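In: quick one, structure for this:
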Amino acid sequence: MNKVPQVRVGIMNEPVVDFVLNNEYRVNGNLVAGNQHVEVADGKVVWNGQKYDDLLFEPVNVETDSFTLVDVTIGVSFHWRRKEVQSFRGYLHLIVEDDRITTVNVLSVEEYLLSVISSEMSAKASLELLKAHAVISRSWLLAQIYKDKVGNAPDVMLGETAQEPNEEIKWWDRDDHINFDVCADDHCQRYQGITRASTETVKKAIEATWGQVLMYGGNLCDARFSKSCGGVFEEFENCWQPQHYNYLVARRDGENPMDFPDLTREDNAAEWILSAPAAFCNTSDPAILSQVLNDYDQETKDFYRWKVEYTQDEISALIKKRTGDDYGRIKSLEPVARGTSGRLYKLKIVGEKMTKTIGKELAIRYALSESALYSSAFVVEKHEADAEGYPAKFVLRGAGWGHGVGLCQIGAAVMGAKGYNYKEILLHYFIDAEIEAQY
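Out: The predicted model follows:
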């Protein structure tokens, strides 16, 4: 069998970092422990009055030793952003990026997964759901590491395309991750070390699926996931680079996966979004939701169907702030192109001073929220337009939470509660994929 690979996880990027070595660590041939402070000067890491190109803190016992980072930001660009104190096992590598200290945790993939499963969901989730998420998280991570090794990383960073005048279409995918494999936040996968208490069930899920990944056509699957698809799965190319994966295609999140309308059509999308069709992820069962939603996630109550309202002053100021373009008063938000889940990947903003079509889905979500709109699957209602056609209020009625590609976490939790095993859950969301052991 192959050796378990290691992963480099970027945790923080700050001008000053305070941390605690909870056990003795080796650094530059010495044993150190306790409170530590580092900062940047002249492009170097400054520690104990000395400057270094980088610093590596090596645990004496990699299985038990840990370190604690102060003021780790979680939920970057999301509505529940906050800071936490977090603890980690493994190595701590300090490097300088953009005149800031980047903290990188180096550890085995399987140790990493123990945290990811507990960070992305509740460690008290059902065993089959945890198994499914272990396979997905492992698959996605190894796929990213493989892309970096074969030199494909630039293809999955920031991308931009434009087919028409006054059109700005862009997407983000692991952008800026040069000195580590993945970050620790929702941008990649939530990883909060040993801060999120693991359980025996999580450990059983990791052990039962040890080394297992999703494969399709001999290649690792780019196994994406989001909180709620909203009833129908989205396709990869409508969120990221224009690449089609046969295992990430439209299906209904329910018992009859082929029973769904063509949500790329505006009339169908509007009817779908404005109703609440049956789907695995259409649930309000607190026992099931608590398996997927950690404490801060549970602050979000309406995720399957939701509503956001803006006055004219609010939306015009918001779009100017978030896009950097001054549209003046907003006359309309017009759908241009929708994906298979009804998510917009092109939206035309018609303003008093300018008109532009923006996309893809995350760019739309960023433009219409101080953090990120729950999803881009929404319809727009305009209220009380004046004589010139400028509405006094915009109401966005939407569906789902996140990009909707791959596994729907809430839908998968419902499937687990209904008795589906982890392989059935995985193959519901990743069409015709295969589950194989890599090590």
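In: mind listing what's buried in the strand or helix carrying Ile315?
Out: Taking DSSP states H and E as the definition, one finds Ile315 inside helix 312-323. Judged by neighbour count (16 or more other Cβ atoms under 10 Å), helix 312-323 contains these buried residues: Gln312, Ile315, Ser316, Leu318, Ile319, Lys320, Arg322, Thr323. (Glycine included, C-beta is placed from N, CA and C.)
In: bridging residues for the closest residue in space to Glu434 that isn't next to it in sequence?
Out: Spatially, and ignoring its direct neighbours in sequence, Glu434 is nearest to Met215 (4.9 Å; Cβ to Cβ, 6 or more residues apart in numbering). Each beta-bridge partner of Met215 is listed here, defined by DSSP bridges: Leu220, Glu434.
In: was I right to think Met215 contacts Cys221?
Out: Yes: using Cβ atoms under 8 Å, Met215 makes contact with Cys221 at a distance of 6.4 Å.
In: before we move on, back to that, helix or strand right after the helix holding Ile315?
Out: Sequence-wise, the next helix or strand downstream of helix 312-323 (DSSP H and E) is strand 330-338.
In: one step back: residues in contact with the residue nearest to Glu434?
Out: Cys221, Ala433, Glu434, Ile435, Glu436 (Cβ atoms under 8 Å, 6 or more residues apart in numbering).
In: how near is Asp325 to Glu370?
Out: Noted for Asp325: a distance of 17 Å to Glu370, by Cβ to Cβ, to the nearest Å.
In: do Phe394 as well
Out: The gap separating Phe394 from Glu370 is 15 Å, by Cβ to Cβ.
In: the two: who's more crowded?
Out: Of the pair Phe394 and Glu370, Phe394 is the one with more neighbours under other Cβ atoms under 10 Å, namely 21 against 11.
In: bridging residues for that one?
Out: Applying DSSP bridges to Phe394 yields these beta-bridge partners: Tyr310, Lys382.
In: list the contacts of it.
Out: Taking Cβ under 8 Å, 6+ apart, one finds Glu309, Tyr310, Gln312, Ile315, Ile330, Leu333, Val380, Glu381, Lys382, His383 in contact with Phe394.
In: of the residues you listed, grab the buried ones for PyMOL.
Out: In PyMOL, a selection of the buried entries from these looks like this (16+ other Cβ under 10 Å):
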select buried, resi 310+312+315+330+333+380+382
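In: now render the contacts of Phe394 as JSON lines, adding distance to Ile178 and pLDDT.
Out: Below are the contacts of Phe394 laid out as JSON lines (distance: Cβ to Cβ, whole Å; pLDDT from 0 to 100):
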{"residue": "Glu309", "distance to Ile178": "40", "pLDDT": "97"}
{"residue": "Tyr310", "distance to Ile178": "37", "pLDDT": "98"}
{"residue": "Gln312", "distance to Ile178": "42", "pLDDT": "97"}
{"residue": "Ile315", "distance to Ile178": "36", "pLDDT": "98"}
{"residue": "Ile330", "distance to Ile178": "37", "pLDDT": "98"}
{"residue": "Leu333", "distance to Ile178": "36", "pLDDT": "98"}
{"residue": "Val380", "distance to Ile178": "39", "pLDDT": "98"}
{"residue": "Glu381", "distance to Ile178": "43", "pLDDT": "96"}
{"residue": "Lys382", "distance to Ile178": "44", "pLDDT": "93"}
{"residue": "His383", "distance to Ile178": "47", "pLDDT": "93"}
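In: run a quick neighbour tally on Asp259.
Out: 12.
In: and Ala143, how many neighbours?
Out: The local packing of Ala143 (other Cβ under 10 Å) involves 18 other residues.
In: how about the helix or strand harbouring it: buried residues?
Out: Take DSSP H and E as the rule and Ala143 turns out to sit in helix 127-149. By 16+ other Cβ under 10 Å, the buried positions in helix 127-149 come out as 128-145, 147-148.
In: Pro277 and Gly231 touch, don't they?
Out: Yes: in this structure, Pro277 is within contact of Gly231 by Cβ under 8 Å, at 5.4 Å.
In: got any ranges where the protein has weak pLDDT?
Out: Low-confidence segments of the chain (pLDDT under 70): 1, 73-82, 120-121, 123, 148-158, 161-163, 174-176, 196-197, 294-301.
In: how close does the residue most central in space within it get to Gly402?
Out: With distances taken as Cα atoms, centre = their mean, the residue of the chain nearest its centroid is Asp186 (3.7 Å). Plainly put, Asp186 is 9 Å away from Gly402 if you go by Cβ to Cβ.
In: could you say what helices and strands the helix holding Ile315 packs with?
Out: For helix 312-323, the elements it packs on are strand 330-338, strand 344-351, helix 361-367, strand 393-399, judged by 3 or more Cβ pairs under 8 Å, 6 or more residues apart in numbering; DSSP states H and E.
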